[in-house]
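> Sequence first, predicted model second:
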Number of protein chains: 2
Amino acid sequence: MPEYNAPLRDMRFVLHEVFDAAALWARLPALAELVDADTADAILEEAAKVTGMLIAPLNRSGDEQGAQWVAGEVHTPDGFREAYATYIEGGWVGLSGNPAYGGMGMPKMLAVAFEEMLYAAGSSFALYSALSSGACLAIDAHASEELKNRYLPPMYQGRWAGSMCLTEAHAGTDLGLLRTRAEPRADGSYAISGSKIFITGGEQDLTENIVHLVLAKLPGASASSKGLSLFLVPKWLVNADGSLGARNALSCGSIEHKMGIKASATCVMNFDGAQGWLIGEANKGLAAMFTMMNYERLSIGIQGIGCAEASYQAATRYARERLQGRGAAGVQEQNKAADPIIVHAEVRRMLLCMKAMTEGGRAFACYVGQQLDLSKFSEDAEERQAADALVALLTPVAKAFFTDSGLESCLHGQQVLGGHGYIREWGQEQLVRDVRIAQIYEGTNGIQALDLLGRKVVSNGGAALRQFAAEVRHFAHQHETPYGSELITALERLEAISGWLLDQAKEDPHAIGAAAVDYLHLFGYVAYAYMWARMAAVAEARRAEDEAFSAGKLATAAFYFARLLPRSLSLEASIRAGSAPLYGLDAEQF
Amino acid sequence: MPEYNAPLRDMRFVLHEVFDAAALWARLPALAELVDADTADAILEEAAKVTGMLIAPLNRSGDEQGAQWVAGEVHTPDGFREAYATYIEGGWVGLSGNPAYGGMGMPKMLAVAFEEMLYAAGSSFALYSALSSGACLAIDAHASEELKNRYLPPMYQGRWAGSMCLTEAHAGTDLGLLRTRAEPRADGSYAISGSKIFITGGEQDLTENIVHLVLAKLPGASASSKGLSLFLVPKWLVNADGSLGARNALSCGSIEHKMGIKASATCVMNFDGAQGWLIGEANKGLAAMFTMMNYERLSIGIQGIGCAEASYQAATRYARERLQGRGAAGVQEQNKAADPIIVHAEVRRMLLCMKAMTEGGRAFACYVGQQLDLSKFSEDAEERQAADALVALLTPVAKAFFTDSGLESCLHGQQVLGGHGYIREWGQEQLVRDVRIAQIYEGTNGIQALDLLGRKVVSNGGAALRQFAAEVRHFAHQHETPYGSELITALERLEAISGWLLDQAKEDPHAIGAAAVDYLHLFGYVAYAYMWARMAAVAEARRAEDEAFSAGKLATAAFYFARLLPRSLSLEASIRAGSAPLYGLDAEQF
C-alpha cells in the first residue's frame, strides 16, 4: 500500500541552502518578526505529520468511494470530515493569508513546500482547501472592507470554504461567451442567475459555509470578456454578526464522474437569483478573478510536483525490493534468486527522470515563491516591479511545465511497477489519473503556453525574458557551478529562438500559436537547467558537510544536463519549422 | 457519446496503393486462390460493420460495469455474451488461422487492419479473442497432430478461447524464477500445479471451453528460463470425439481491479494438479511460447494504433464542432459566437501529432504484416529468411513504439476536449486508461527496447539493421519521394548511433540498457519516416486521381518531417551521453 513521507531534507536544502530564505525574510519587515529558519522548519515538520499521517491514509479509500451526490448534497468519502476538522485546527488554510484578518502571513516560499505535501498526500483532499486559499486572495485584494471582515476570518480558519465559478457548458477558455447574469437589487447587492459547470468543491459536507466567487454579466455589459464582473455568493447568507442566516438561492445540480480526483466534488452549480455582492469594480471581474487564477495556477502546478514525488517514493521503494533479473555488470545479490530491479539501467533512467524533474520543479516553485514574496513584501518599488515581471513570466511555465512533467513522472512511476503499476491497490495508477487533470484545469497547458509566448514574451518585446536571462547569465558568470557553460548554451538557444519568434510574429498571425507549447517546454528545460546549476553549485560548495546528500544532488544534476536538457534540441527544431505545417489541411481533411 | 468508424479509405490506401498487397498475394501459392483485392475489401467492409455496430457500442458500458468475479466464475458485462456469439459467427477468430484446421488462412497484412478495428472498437472485448488467435498460433506451430486436430477447430471457430499463463506473483520479466510444476502422469499427460497471475481471459462466460497454455517446470528442470516447458491445460477436459468431459482441476481465484480494460478479466489462475499436455519439446517451452508472444506483441502494438485512431476520431469531431475563441488570422465563422477550435494552431498541432503517428503506425503494421506473410508463405528460402530477420528486428519496435505513441495520441485526444476529456461520459479518458496497459503487458516497453538493441542489433553485429537500412536506402534512391534526403539523413543518424553503440557495448556492460528506450524511439521515428516517404511518394504520384485525399496525405507527411522527426535529435544526444549518468547514485541515494 502506498505511503507518503514529505521530503523534508530536500525541502530544507532548497529553502535554506539554495535560496537562503531566512536572509530574505529578515530584511522584509512584514516577515522579519513572523518567520525565521527555525519557525519554517517547525512548520514543515508539522506539515509533514499532518499530510503523511492524517491525509495520505485517506487517498486510496477516497478514490474508491468517491464523492457522492444525493439530492443536492455532496457527501465526501468516509474519514474526510474528521480529517478535515483536524486539519483546519492547524490553521493551514490561512497559512499565507493576511494577518489583518486572521491569516498566518507566512511567505509563499514556505507555502509552496506545504502545498506540495498536501497534493502528494491526496490531490482530492488538497483541492477542498486550495480553492479556499485562492478565493481568500481575490477577496483580500479586491473586496470591500466589509466583505473582507465578514468572510476572510472564517475562510482562513477553514470553517468556510471558497469556490471559483467561471466555466459554463458552452464557455471554458472563451469566457466572453458566459451567460450568467447579475441583476442589481435595491439593497446594493445583486441577484445572480445562471449555471456553472466543473466547479471544484462547489458543494461538500466539510465546511459550515461555501463562498462562491462567480463571474457574471451586469445588464448591458459588453459581450466580450471585458463585460464580466465578479461576485461573492455564499451558500448560506451571513448575518451582520457573522452567524449564518437563510439558505441562498443556489444549488448543486449534479457532480461529474471523472477519470481521477474522484473524492473531489466537481459540481454543476445552479444560481437562481442568488444574492451576491460585487467584488472590485463592475466589468473588471476578470482581472479580479485572475488574482485568484494566478495563485491557483501556481498551486495546480505544484499538484504536478506533489503527485510526481508520491509516485517517485513508491517507485523507488518497489525498485529496491522487487527482485527480477541480474545486473548487466554481474550478480549484485549472491544470496538472492535475483537482483533488485534498481540495478537495471532502464529502471534507473525512469527513476532519475522523475527525480531530476521533481527536484528541479521543487526548486523552481520555491524560486517563483521567492518572487511572489518580493512582489508582495519588498519595500523597494523597483524590486517589487522586477519581481512582478518575473512572476508574470514564470507562472504559466510553472503551471504547465510542472504538470506536464508531473504526468510524465507518474507514468514512469507506474511503469517501474510493471503490471502492478496498473492495479489499483498499488496506488500508482491513481496518481496518473489524479495528476492528469492538472494539465487541463485552471487554463489548459495550451492556454498557459499562449499566455507565456504571446502575452509575456512577444507583447513586451521580450523585455521580461531579457530580465530573466540577465539574472541567469549573472549567476552563471558569478558563481562556481559545474554547469555554467551548459546553462549559457541553453539560455542562448532560448534567446535566439525568442528573437526569431518576435520577428515571425510580426508577419505570421499563427506564429505564436504554432510554437507556444514547444516554446514553453524549451523555456521549462532552460529554467530547470538554471535551478540545477544553482543546486549543483551549492552541493559542490557544501560537499564536505554532507557528503552523501551532496553527491546525490550532483549526480542528479549530471543526469539532468546529460539526458534531459538535450530535449531542447528537438523543441528548437520543431519551433523553427513554423506554422505552415499546421495549416496544410482544411478542417475536413483531418 | 463516442462512436467509431473504421478508416477504410486509409486502410485501403496502405494495403493497395502503398504496399500493393494483391500483387504479392498473387505470386504466393498459399494465398493466390484465397484472397485478392476485392476479397480483402469485402472483408474489411464487413469488419468495419462488426466492429463499429456490434462491438463499439459496448465499450463504455463494459467499462462502467467491468468484469465481475463471483465464486470462481467471471461474468462479462451485459451484452458481451450476445455480441461475442454474433462476432464468432463471422469466423473472425480464425481469420489468419491454418485452413487445414478450419482457419481462414488470410494474410497478416489484412489481419492487422482487422485487429486495429477490433481494438479501436473496444480493447477489452478485443482481448478475449486476441489471446485465442495467439494460442492457436503456438499450438499450430508446436503441438502434436492429435492436439491440433482436437483443439484448433473449435478455437478458430471462437467456441473455445485461449489464454497465456506465464506470470507468477514473484516472476514477471524474469521467467526463470517460475515455480509452477508439471509432474508426469502414467498416461503421458502431466499434472500441473501452481498459481499464475495477470491471466487475461483466464476465466469468462463467453466460450464453452478455455485452453490455457501454461509455462511450468518438469522435475529436475534447470532453475533458469531454459528449464521451462509449455503445456496445454483445458478448463474442461476434452473427450476423443471432441465433446467436453470433466472439469479440470483449475480455478480462477480472483480478478484484478485495474486502471482500465475493466471489461477484460485479468485473472489469478490456480492449477491444482490439473491435467495438461506437453506442447513441443520438454524444456523448450519458452521458445514455443514465444511463437505466441511475438504474435501477441504485434497485436498489442496494434492496440496502441486502434485506441489512438478512436481517440483521434472523437477529438476531430469535437474540434470541428466546439466553438471557442476566434482564429488568429481573423474570424472564420461570422454567423457564430465563436470559431470552431480546429482553427487554433495548438489544437491542429495535437490533432496532427495524432494523425501523423497513427497513420505512420498503420502503414508500419501493414509493412510488418507483409514481412510476416513473406516469412510464412514465400516459396523462396532466401526471401523467407530475409523477411524473418526483418520481423525479428521490427516486432519490438512495433510493440513499443505503437503503444508509446498510442498513449501520447490518446493524451492529445483527451486534451483537445479540455475538461470534457476528463469526464467519463465522453470516452476519451477511457481510451487513455485502456491504452496504458499496452506499454506494460506482453513484455514492458523497456524489455522490448532491450530486445531490439541487445538481441536484434548488437548480438548480430548490426546485420539485420544493415538489411533494413539497405531497403530504406534503395527506396530513397529509386523512387520519386518529396522526402528522400530527409529520410537518408535520419537513416544515417540511426546507423551512426548504432555503430557507436556496437563499440560501446564491447566495453560497457550498461551501454545497451542505458540507451535502449531512446534507441527504440529513434528507430521508430526513422521507420515512420520511411513509411511517410513511401506514402508521400504514392500520394504525389496519384494526385490527379484523388486530389483532396492525396493533398491530405502530403500535408500530414510534411508535418511529420517538420515537427515530429526532429525528435530524433534529442534522442541521439541523450543516447550519446552514455550510461555513466545512470550509475552516479547508489540505490540508497535515490
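Thanks, I have it. Numbering: from 1, shown residues only, chains lettered A, B, ... in the order given.
> Counting by contacts, list what the strand or helix carrying residue A:497 packs against.
With the criterion set as DSSP states H and E, the secondary-structure element containing residue A:497 is helix A:484-507. Helices and strands touching helix A:484-507, by 3 or more C-beta pairs under 8 Å, 6 or more residues apart in numbering or on different chains; DSSP states H and E, are helix A:463-478, helix A:511-541, helix A:567-576. The way it works is simple: take the backbone N, C-alpha and C, and place the C-beta from them, glycine included.
> which stretches of the stretch 451-590 of chain A have low pLDDT?
With pLDDT under 70 as the threshold, the stretch 451-590 of chain A has no low-confidence stretch at all.
> one more time with 90, if that's ok
For the stretch 451-590 of chain A, the stretches flagged by pLDDT under 90 are A:478-482.
> again with the stretch 1-150 of chain A
Counting by pLDDT under 90, the ranges of the stretch 1-150 of chain A that qualify are A:1-3.
> Smallest gap between it and chain B, at which residue?
With C-beta to the nearest C-beta as the measure, residue A:64 is the residue of the stretch 1-150 of chain A nearest to chain B, at 8.8 Å.
> any idea how far that residue lies from residue A:422?
Applying C-beta to C-beta, to the nearest Å, one obtains 16 Å for the distance of residue A:64 from residue A:422.
> For the stretch 101-250 of chain A, what lies in contact range of chain B?
Contact residues of the stretch 101-250 of chain A with respect to chain B, defined by C-beta under 8 Å from any C-beta of the partner chain, are listed as A:167, A:170, A:171, A:172, A:173, A:174, A:177, A:197, A:198.
> who's in contact with residue A:530?
With contact set as C-beta atoms under 8 Å, 6 or more residues apart in numbering or on different chains, residue A:530 has these partners: A:472, A:475, A:487, A:491.
> Out of the residues you listed, which is nearest to chain B?
residue A:487 (16.2 Å).
> So the closest one sits against residue A:531, correct?
No. Under the contact definition of C-beta atoms under 8 Å, residue A:487 does not touch residue A:531, with a separation of 10.0 Å.
> Who's the closest spatial neighbour of the residue of the stretch 151-300 of chain A found nearest chain B, skipping the chain neighbours?
With C-beta to the nearest C-beta as the measure, residue A:259 is the residue of the stretch 151-300 of chain A nearest to chain B, at 3.8 Å. Nearest in space to residue A:259, with sequence neighbours left out and distances taken as C-beta to C-beta, 6 or more residues apart in numbering or on different chains, is residue B:429 at 3.8 Å.
> could you say what helices and strands the host helix or strand of that neighbour packs with?
For residue B:429, the enclosing helix or strand under DSSP H and E is helix B:428-436. Under the contact criterion of 3+ C-beta pairs under 8 Å, 6+ apart, the helices and strands touching helix B:428-436 comprise helix A:428-436, helix B:59-65, helix B:123-142, helix B:285-321, helix B:381-416.
> give me that answer again for 10 Å
Helices and strands touching helix B:428-436, as assessed by 3 or more C-beta pairs under 10 Å, 6 or more residues apart in numbering or on different chains; DSSP states H and E, comprise helix A:381-416, helix A:428-436, helix B:59-65, helix B:108-121, helix B:123-142, helix B:285-321, helix B:381-416.
> Dump that helix to PDB, keeping only the CA atoms.
Once side chains and other backbone atoms are set aside, the C-alpha atoms of helix B:428-436 remain, and they are given as PDB (Å, rounded to 0.1, in the frame of the first residue of the first chain):
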ATOM      1  CA  GLN B 428     -11.500  10.000 -24.100                       C
ATOM      2  CA  GLU B 429     -10.300   9.200 -20.600                       C
ATOM      3  CA  GLN B 430     -11.300   5.600 -21.000                       C
ATOM      4  CA  LEU B 431      -9.000   5.300 -24.100                       C
ATOM      5  CA  VAL B 432      -6.100   6.700 -22.000                       C
ATOM      6  CA  ARG B 433      -6.800   4.200 -19.300                       C
ATOM      7  CA  ASP B 434      -7.300   1.300 -21.700                       C
ATOM      8  CA  VAL B 435      -4.200   2.000 -23.900                       C
ATOM      9  CA  ARG B 436      -1.900   2.500 -20.900                       C
END
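> in a strand, that's where residue A:210 is, yeah?
Yes. Membership of residue A:210 in a strand is supported by DSSP: H, G, I helix; E, B strand; the rest coil.
> how about the longest strand anywhere in chain A: buried residues?
The single longest strand within chain A, with elements called by DSSP state E, is strand A:266-279. Within strand A:266-279, the residues that qualify as buried by neighbour count (16 or more other C-beta atoms under 10 Å in any protein chain shown) are A:266, A:267, A:268, A:269, A:270, A:271, A:274, A:275, A:276, A:277, A:278, A:279.
> what pLDDT does the second one get?
In the prediction, the pLDDT value recorded for residue A:267 is 98.
> Quick one: residues contacting the residue nearest to it when sequence neighbours are not counted.
Residue nearest to residue A:267 in three dimensions, not counting chain neighbours: residue A:202, with 3.1 Å by C-beta to C-beta, 6+ apart. The neighbours of residue A:202, taking C-beta atoms under 10 Å, 6 or more residues apart in numbering or on different chains as the test, are A:74, A:131, A:161, A:163-165, A:196, A:210, A:212, A:235, A:250-253, A:255, A:265-270.
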